[in-house]
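[1] below are the sequence and a predicted model for it; my questions follow.
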Amino acid sequence: MDKIIIEDLSLQYADGTESLRGISLGIREKAVTVLFGPAGGGKSTLLRCLNRLNDLTEVKASSGRILIDGRNILDPKVDVIALRRKVGMVFARPVVLPMSIRQNLTYGLELAGEKRRAKLDEAVERSLKLAAIWDEVKDRLDDPAIALSGGQQQRICLARVLALQPEIILLDEPTSGLDPISTGKVEAALQELKKEYTIILVPHSVQQAGRAADYAAFFLQGELVEYGEGKTLFTTPREKRTEDYITGRFG
Ligand SMILES: Nc1ncnc2c1ncn2[C@@H]1O[C@H](COP(=O)(O)OP(=O)(O)OP(=O)(O)O)[C@@H](O)[C@H]1O
Ligand SMILES: [Mg+2]
């Protein structure tokens, strides 16, 4: 089933750049969909539309609809705070808060009004386990998060998003700058998480796209060139432009 339906979405930034051109795409529930393609293709722009982060940038014109569970989230009446709880985002460079590991996870919940210690403890353990970092930090939850390695900090950021119990997780190159072992841990966590969550990943390489994708969408200069099941798309792409990119002829 499609959790998200993107209908004829176009977006132009204030400087006139046409970053998305008539994108129509369905995003399957409880699966990993990767958005891949060369720099400037519009992948991050599309992710930012999905939780309305583009509200904060200079957009000149946009049109189309994004239905999440049947509701158009681009409607000005939508509660953006509630939307961003439902659609969590993890960025390329992990930004842990200058607090303890535990506080990094409870901060958002406390802001949302949760005060019960038992509930907070439960959320800390559950989300650290889901992000596959519990074993590494369970004995040092009160240490500063900043003291963790880059790969650990990235999983803390993922856990922080999970603590708020989103339904959709957006990840924009979450493993860029991580070593192969940390990258493997994040990728493995995503494969577990997709059982419960709808995941949209912008991978940091074509290889990662191939490993992670249940479904894949290839973007080129604001256009959706091709979409399909990951296995099919990476072995027998329909479009020459997709084939050239995945075989390394450009990019
Ligand atoms: N805030 C902005 N203001 C103006 N133009 C922007 C803005 N953000 C992105 N763009 C432009 O929109 C186009 C798409 O950018 P976007 O960041 O979505 O691409 P991307 O596919 O994520 O690229 P990359 O692989 O480099 O991250 C580019 O031409 C970019 O220069
Ligand atoms: Mg990007």
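    Received it, and whenever you're ready, just let me know what you need. Numbering: from 1, shown residues only. Ligands and ions are numbered 1, 2, ... in the order given.

[2] so who does Leu67 touch?
    Ile4, Ile5, Ile6, Glu7, Ile73 (C-beta atoms under 8 Å, 6 or more residues apart in numbering). Quick note: C-beta positions are derived from backbone N, CA and C, even for glycine.

[3] ok, so of the residues you listed, who is nearest ligand 1?
    Ile6 (14.3 Å; C-beta to the nearest ligand atom).

[4] can you pull out the strands in the protein?
    Here the chain has its strands, by DSSP state E, at 2-13, 18-28, 32-36, 59-68, 71-72, 87-90, 168-172, 198-202, 215-220, 223-229.

[5] which of these sits closest to Leu53?
    strand 87-90 (7.1 Å; C-beta to C-beta).

[6] does the closest one reach ligand 1?
    No: taking C-beta under 6 Å from any ligand atom as the criterion, strand 87-90 and ligand 1 are apart, separated by no less than 13.3 Å.

[7] which phi and psi does Gly42 have?
    phi 110, psi 10 (degrees, to the nearest 10).

[8] ok, now which ones touch it?
    Contacts of Gly42 (C-beta under 8 Å, 6+ apart): Leu11, Ser19, Leu20, Ile23, Phe219, Gln221, Gly222, Glu223.

[9] could you redo the last one with a cut-off of 6 Å?
    Applying C-beta atoms under 6 Å, 6 or more residues apart in numbering, one finds that Gly42 lies in contact with Ser19, Leu20, Phe219, Gly222.

[10] among the contacts of Leu67, who's most crowded?
    Neighbour counts for the contacts of Leu67 peak at Ile6, which has 22 neighbours (criterion: other C-beta atoms under 10 Å).

[11] partner residues bridging that residue?
    Taking DSSP bridges as the rule, Ile6 bridges to Leu25, Ile66.

[12] state the distance from it to Leu67.
    Distance of Ile6 to Leu67, given as C-beta to C-beta, to the nearest Å: 8 Å.

[13] and the contacts of Leu67, which two are the farthest apart?
    Longest span within these, C-beta to C-beta: Glu7 and Ile73, 11.8 Å.

[14] burial measure for the residue in the stretch 151-251 of the chain positioned nearest to ligand 1, as a count.
    Residue nearest to ligand 1 within the stretch 151-251 of the chain (C-beta to the nearest ligand atom): Phe219, separated by 6.0 Å. The number of residues packed near Phe219 is 25, by other C-beta under 10 Å.

[15] partners of it in the sheet?
    Bridge pairing for Phe219 (DSSP bridges) gives the partners Leu224.

[16] would you check that it makes contact with Gly37?
    Yes: if you go by C-beta atoms under 6 Å, Phe219 and Gly37 touch, sitting 3.9 Å apart.

[17] what is the mean pLDDT for stretch 7-15?
    Average pLDDT, stretch 7-15: 96.

[18] should've said stretch 20-27
    98.

[19] if we look at that stretch, which residues are touching it?
    With C-beta under 6 Å, 6+ apart, stretch 20-27 has contacts from 2-11, 33, 42, 45, 217, 222-224.
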